[in-house]
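K.L.:
Fold the stuff below for me.
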Amino acid sequence: MLNRALRKVPTWVVYIAGALPVAWMTYQTLNGTIGIDPVRAIEWGLGLWALRLLIATLCVTPLRWVGLNLMRFRRQLGLVAFAYVCLHLLAWVTIDMGLRWGQILPDLVKRWYIVVGMSALVLLVPLAVTSNTASIRRMGAKGWNRLHQLAYPATILATVHFLMVGKVYTAEVLTYAGILFALLAARAARFVLKRRVSA
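P.N.:
Got it, this is the predicted structure:
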């Protein structure tokens, strides 16, 4: 019943929903209610939504295993997540660092939390570039799926970056780390089960 209803929902709805958090942050910034440190609030908020959306994208396949089919929205979720990653980086480069490239460039290789975050971004770039039907046809379904397995190490790196930036392991931080661990454990368990069945 739910899957039948979801098939009627257009995929562009994901883009509209994905724009709401950044629209809300923009509204809060303009009316001065975003917090005592607006720069950190914007940077943190964009990064947090990037992580949430990356994890949500990884949840699509396990949810299908239990009967909830969101596969038709996965590409859009991934692209919105990538957009938030880029906005997070843009916020750091502009409003945080003020385009001071003499300080930004050394930090890219000197500060470990930045190195980890940039590594996640690098892994996500080919996924975003190939998130289209033409790339699937050109690469073939098997090759495309193999490439998009990079979403897992990218999300692991993004989570580590989040933990390193936060420095304090709050309930929120541990929740996202726990969800990611559960997703990886479920994926590993399914892989082992498949190997045993085919053996």
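K.L.:
Tell me where the chain has helices.
P.N.:
Along the chain, counting by DSSP state H, helices occupy 2-6, 12-31, 38-65, 74-91, 101-110, 112-129, 133-139, 141-147, 151-166, 171-198.
K.L.:
Could you save those helices as TSV and add columns showing mean pLDDT?
P.N.:
TSV is the format used below for the helices of the chain (pLDDT from 0 to 100):
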stretch	mean pLDDT
helix 2-6	81
helix 12-31	94
helix 38-65	92
helix 74-91	95
helix 101-110	86
helix 112-129	94
helix 133-139	88
helix 141-147	87
helix 151-166	90
helix 171-198	82
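K.L.:
want to throw these into JSON lines with mean neighbour count?
P.N.:
Yep, even glycine has a C-beta here, placed from its N, CA and C like the rest. What follows is these, written out as JSON lines (neighbours: other CB atoms under 10 Å):
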{"stretch": "helix 2-6", "mean neighbour count": "10"}
{"stretch": "helix 12-31", "mean neighbour count": "13"}
{"stretch": "helix 38-65", "mean neighbour count": "19"}
{"stretch": "helix 74-91", "mean neighbour count": "21"}
{"stretch": "helix 101-110", "mean neighbour count": "11"}
{"stretch": "helix 112-129", "mean neighbour count": "17"}
{"stretch": "helix 133-139", "mean neighbour count": "12"}
{"stretch": "helix 141-147", "mean neighbour count": "12"}
{"stretch": "helix 151-166", "mean neighbour count": "19"}
{"stretch": "helix 171-198", "mean neighbour count": "12"}
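K.L.:
how far away is the most centrally placed residue in the chain from residue 186?
P.N.:
Nearest to the geometric centre of the chain sits residue 54, at 2.4 Å (CA atoms, centre = their mean). Look at residue 54 and residue 186: by CB to CB, to the nearest Å, they are 16 Å apart.
K.L.:
next one: residue 95
P.N.:
Counting by CB to CB, the gap from residue 95 to residue 186 is 38 Å.
K.L.:
List the residues that contact residue 117.
P.N.:
89, 157-158, 161, 165 (CB atoms under 8 Å, 6 or more residues apart in numbering).
K.L.:
between those, which is nearest residue 13?
P.N.:
residue 158 (24.4 Å; CB to CB).
K.L.:
For residue 36, grab the count of nearby residues.
P.N.:
6 (other CB atoms under 10 Å).
K.L.:
Any chance of the backbone angles for it?
P.N.:
phi -70, psi -20 (degrees, to the nearest 10).
K.L.:
What lies in contact with stretch 125-144?
P.N.:
75, 78-79, 82, 147-148, 150-151, 154.
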